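Participant: sequence and computational prediction follow.
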Amino acid sequence: MLDHVTRQDRIDLASEPPFDLGGVHVIPALLQVEWDGSSLTLEPRVMQVLVALAQSAGRVVSRSELVDRCWDGRIVGENAIQRVISRIRHLAAEVGGFELETITKVGYRLRPLCATPDAFPETDAAPTPRERMGLSRRGMAIGGLAAAGVAAGLFAWRAIGADKPDAEAARTLVARGRDAMGWGLRVQNEQAIAYLRQATRLDPGSAEAWGALALAYQHALEGEEGAAQQALADWTGSASRRALALDPGNMDASVALATIPSNFRQWAANEARLRALMAARGGHSAAESALGWLLCDTGRWQEAIGCFRRALAPEPFVPANQLILAWGLWGGGQME
């Protein structure tokens, strides 16, 4: 481990050459990553840390080394580092070419992954521990799609068994993804995204898998901002459109697409969009939940409670649905 990093070792993006990382092409000077015909622009600090981790060639990189190389040795709070690490994990979950492993109390290690499910390297390593875990206001994901979530998808593939048809394995992954989303925990939503991304790889023609993935991405939107929020919105929209192209009646995708815009200062437009969708296609747990939160935002707690009860009715044992109903009852003054 490096005790001191010279100025020459610090990351200067303008002078860093392009490189490949597990099937992803990275162009530091342009802040661009490219894969499978897609591209994404990263924040400069995120690109610096990605370059530093990639240059380590599998070595564990300590937080202090990252600060020296990417923040010029300035005093940096833990939240700043975690924000950047979270952005890289978003990227890892989206492109699937690498994972960012946390070595508890030591640092981070970047590991390339093979691009296809049948080429995954055999390993007995457990999923890496998450550094943060909690509930959002909606009881769903805020922020980071942990690299461990990608690993969870790989383990799910092995657990299901490569001898099963792809469509059957994909349906199993979709079921596991929905179950994970239903717990209302950040870490579970990360795992849900990993399961559902793997499902879309196994069965690209599954509207159900793409719709569920769109909904999981949408759940991760709240609490994000800037480039990360835009990336999640783009991924939500892309997965939604793919699902609707395969099945125009896919309600998960329709709800995810309708709820990408933030409610802030768009309450009336968003409410009209949700009500029109529900009138045209009938009730749906995620739609009822989304409308309920909008009603809470505008002080209509009793109406919101009705929405939350309807969201809970078809899935009474889903913890997240119990949570939002409890929130609505609390806001509506029904403490009993």
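Facilitator: In hand now; what should we look at?

Participant: what's the helix or strand containing Tyr108 packed up against?
Facilitator: Under the criterion of DSSP states H and E, Tyr108 resides in strand 107-112. Where contact means 3 or more CB pairs under 8 Å, 6 or more residues apart in numbering; DSSP states H and E, strand 107-112 is packed against helix 44-55, strand 61-62, helix 63-70, strand 98-103. No exception for glycine: its C-beta is placed from N, CA and C like everyone else's.

Participant: nearest to Val187, of these?
Facilitator: strand 98-103 (12.6 Å; CB to CB).

Participant: what's that closest one packed up against?
Facilitator: Applying 3+ CB pairs under 8 Å, 6+ apart, one finds that strand 98-103 contacts helix 78-95, strand 107-112, helix 147-160.

Participant: give me the sheet partners of it and which way each runs.
Facilitator: Strand 98-103 has the following strand partners under DSSP bridges: strand 107-112 (antiparallel).

Participant: give the buried residues for stretch 104-112.
Facilitator: If you call a residue buried by 16 or more other CB atoms under 10 Å, then stretch 104-112 has these buried ones: 107-112.

Participant: touching that stretch from outside, list them.
Facilitator: 21-23, 50, 53-54, 56, 58-63, 65-66, 85, 97-103, 129 (CB atoms under 8 Å, 6 or more residues apart in numbering).

Participant: could you do stretch 233-241 as well?
Facilitator: Under CB under 8 Å, 6+ apart, the answer for stretch 233-241 is 94, 200, 210-211, 213-214, 217-218, 221, 253-254, 256-257, 260.

Participant: can I get the buried residues of stretch 104-112 in TSV with pLDDT and distance to Ile11?
Facilitator: What follows is the buried residues of stretch 104-112, written out as TSV (pLDDT from 0 to 100; distance: CB to CB, whole Å):
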residue	pLDDT	distance to Ile11
Gly107	90	16
Tyr108	92	15
Arg109	92	17
Leu110	90	14
Arg111	85	20
Pro112	79	20
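
Participant: check the gap between Ser262 and Pro316 for me.
Facilitator: Relative to Pro316, Ser262 is positioned 30 Å away (CB to CB, to the nearest Å).

Participant: ok so, going back, quick one, which of the helices and strands packed on strand 107-112 gets closest to Leu274.
Facilitator: helix 44-55 (33.3 Å).

Participant: dump the closest one to PDB, restricted to CA.
Facilitator: Output of helix 44-55 as PDB, limited to C-alpha atoms (Å, rounded to 0.1, in the frame of the first residue of the first chain):
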ATOM      1  CA  PRO A  44     -14.800  14.400 -13.300                       C
ATOM      2  CA  ARG A  45     -14.200  13.200  -9.700                       C
ATOM      3  CA  VAL A  46     -16.000   9.900 -10.500                       C
ATOM      4  CA  MET A  47     -13.800   9.400 -13.500                       C
ATOM      5  CA  GLN A  48     -10.700  10.100 -11.500                       C
ATOM      6  CA  VAL A  49     -11.600   7.500  -8.900                       C
ATOM      7  CA  LEU A  50     -12.500   5.000 -11.700                       C
ATOM      8  CA  VAL A  51      -9.100   5.500 -13.300                       C
ATOM      9  CA  ALA A  52      -7.300   5.200 -10.000                       C
ATOM     10  CA  LEU A  53      -9.100   1.900  -9.300                       C
ATOM     11  CA  ALA A  54      -8.600   0.600 -12.800                       C
ATOM     12  CA  GLN A  55      -4.800   1.300 -12.600                       C
END
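
Participant: list the buried residues for that helix?
Facilitator: 45-54.

Participant: quick one, which of the contacts of stretch 104-112 are buried?
Facilitator: Buried subset of those (neighbour count, 16+ other CB under 10 Å): 21-23, 50, 53-54, 56, 60-63, 65-66, 85, 97-102.

Participant: next SSE after whatever helix or strand Gly237 lives in?
Facilitator: For Gly237, the element it lies in under DSSP H and E is helix 226-246. Using DSSP H and E, the next helix or strand after helix 226-246 towards the C-terminus is helix 251-258.

Participant: helices and strands of the protein: which one has the lowest mean pLDDT?
Facilitator: Among the helical and strand segments of the chain, the one scoring lowest on mean pLDDT, DSSP states H and E is helix 147-160, with a mean of 40.

Participant: helices or strands next to the helix or strand just after that helix in the packing?
Facilitator: With elements assigned by DSSP H and E, the helix or strand that comes after helix 147-160 is helix 166-181. Secondary-structure packing of helix 166-181 (3+ CB pairs under 8 Å, 6+ apart): helix 147-160, helix 186-202, helix 207-219.

Participant: now helix 166-181: how far from the chain's centre is it?
Facilitator: From the chain centre to the centre of helix 166-181 is a distance of 16 Å (CA atoms, centre = their mean, to the nearest Å).
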